[in-house]
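Asks: mind looking at a prediction? Sequence and model below.
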Amino acid sequence: MNRSVIYPLTILFLLNLFYSCEKEVIIDVKKAEPRLVMRSEITNWPEDLDTGPGIIYWDSAYPQKVPNFLILGLSSSVNDKPQENLQNCKVVLMKNSIAYDTIFYDQTKEYYALFENEQDFPEAGDELEIEVFCGDQFVSSKSKMPNKVPIKSVDTSSVYALFIKENELYGSSTLTFQDPPGEDNYYEIVVTQISPPDKELVKYSLRTDEAFITGLSHYSSSFNGGPPSTSKSLLFTDKTFSGEEKSVSFYFPMVAYMGNGPVDFPHKKLNYHLRNVSKEYYEFETNKRIHLITSDVNFLFGASEPQNVSSNVENGLGVFGVYNHSQKNFFFPERTINF
């Protein structure tokens, strides 16, 4: 028989053999039992701001209060949104080993309100502890308020030096601060609109070209196969600039632009926040972002390494987040810009 005929027949025989030996295996994976999820943020009372040349403040130069809150839910994954907003729990809050208050759900604010009065807000070095009783579940957590790192300056001269990216107009700014020597610091930069009182801050998506941030595994970019960053903050440490003055440049979307002439901007108020966050807060947020990036990679390429998301909640999931923040606020009058 001709060899050119034998080879294809042999290949067909082997393929048929492998196919006939194939066995379907069904793996029964038990679904994890839902656990109590905590999402909490506690910060300091904001400092008064000094007015500078060319800067217009509002509300008598008074900064915006950042609410201290706790949201509870049930979930089987630290990255999933809680299945429901649990409202029938009892929360015990302690500061420096002394019981501060027993807290119940606030229907108006839609969260458990923590440290509402100025004199009660935690300060640097305060030891904070929280205990949550919810049905037959109990979770707890501890953390320490980091030191405040003041913002030295914010260069807002390029907020309206706009450039077009992905059908949006982006403005930019540069924030400068002095990193304290002799300690490990974990930072988060946030830019917000003026938010309703006692509500969570309305944050802008932030991007940066700073190599010490874009090279980090949790920053979504082409370097790690993730999509362009749409994170609502920038997270980084002082590992590369410990004890030095540091300036960080970043940009954020101002308005959608479809390429059809001038753009009218109403007056705008921007809050710039520099947070010195606890190590536990930093690890939770960065690990969560890595998980989201690898999940995207998994969707595109079929495989990714499992990611353990750290949590400082005993017997539960989530984070008891604590940070000390500095804040500067700016007012920009209405204007029209031609393109």
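Replies: Alright, I've got the coordinates. Residues are numbered from 1 along each chain as shown.

Asks: sketch out the low-pLDDT regions of the stretch 51-200 of the chain for me.
Replies: 51-62, 77-83 (pLDDT under 70).

Asks: can you map out the strands along the stretch 151-300 of the chain?
Replies: 151-155, 163-165, 168-178, 186-193, 234-237, 245-256, 263-265, 268-277 (DSSP state E, counting those that start in this stretch).

Asks: deepest of those, which one?
Replies: strand 268-277 (a mean of 23; mean count of other CB atoms under 10 Å). All C-beta atoms are positioned from the backbone trio N, CA, C, and that covers glycine.

Asks: residues contacting residue 39?
Replies: Taking CB atoms under 8 Å, 6 or more residues apart in numbering, we find residue 39 in contact with 70-73, 82, 318-319, 321.

Asks: got the residues you listed as CSV, with secondary structure and neighbour count columns?
Replies: Output for those, formatted as CSV (DSSP: H, G, I helix; E, B strand; the rest coil; neighbours: other CB atoms under 10 Å):
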residue, secondary structure, neighbour count
70, strand, 23
71, strand, 18
72, strand, 26
73, strand, 20
82, coil, 18
318, strand, 25
319, strand, 26
321, strand, 24
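
Asks: quick one: which of these is nearest residue 337?
Replies: Nearest to residue 337 among the contacts of residue 39: residue 321, at 37.6 Å, using CB to CB.

Asks: the closest one: what's it in contact with?
Replies: Residue 321 is in contact with 39-42, 143, 277-278, 280-281, 284, counting by CB under 8 Å, 6+ apart.

Asks: re earlier: which single one of the contacts of residue 39 is nearest to residue 157?
Replies: Distance to residue 157 across those (CB to CB) is lowest for residue 321, with 32.5 Å.

Asks: quick check: the gap between the closest one and residue 258.
Replies: For residue 321, the distance to residue 258 equals 38 Å [CB to CB, to the nearest Å].

Asks: and the longest helix along the chain, C-alpha only, in CSV?
Replies: Secondary structure of the chain per DSSP state H: the longest helix is helix 279-301. Provided in CSV are the C-alpha atoms of helix 279-301 (Å, rounded to 0.1, in the frame of the first residue of the first chain):
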residue,chain,number,x,y,z
LYS,A,279,-0.5,48.3,56.2
GLU,A,280,-3.6,46.1,56.4
TYR,A,281,-5.6,48.6,54.4
TYR,A,282,-2.9,48.8,51.8
GLU,A,283,-2.4,45.0,51.5
PHE,A,284,-6.2,44.4,51.2
GLU,A,285,-6.7,47.0,48.5
THR,A,286,-3.6,46.1,46.4
ASN,A,287,-4.3,42.3,46.6
LYS,A,288,-7.9,42.9,45.6
ARG,A,289,-6.7,44.9,42.6
ILE,A,290,-4.2,42.2,41.6
HIS,A,291,-7.0,39.6,41.8
LEU,A,292,-9.2,41.8,39.5
ILE,A,293,-6.3,42.1,37.0
THR,A,294,-5.6,38.4,36.9
SER,A,295,-9.3,37.7,36.6
ASP,A,296,-9.3,39.8,33.4
VAL,A,297,-6.1,38.0,32.2
ASN,A,298,-7.8,34.7,33.0
PHE,A,299,-10.8,35.7,30.9
LEU,A,300,-8.6,36.6,27.9
PHE,A,301,-5.9,33.9,28.0
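
Asks: before we move on, the earlier item: mind putting the contacts of residue 321 in a markdown table, distance to residue 311 included?
Replies: Below are the contacts of residue 321 laid out as a markdown table (distance: CB to CB, whole Å):
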| residue | distance to residue 311 |
| --- | --- |
| 39 | 11 |
| 40 | 12 |
| 41 | 15 |
| 42 | 16 |
| 143 | 12 |
| 277 | 15 |
| 278 | 13 |
| 280 | 8 |
| 281 | 11 |
| 284 | 6 |
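
Asks: any idea how far the closest residue to residue 217 other than its chain neighbours is from residue 208?
Replies: Excluding the flanking residues, the one nearest residue 217 by CB to CB, 6 or more residues apart in numbering is residue 290, at 5.6 Å. In this view, residue 290 and residue 208 are 17 Å apart by CB to CB.

Asks: perfect, I'm done here.
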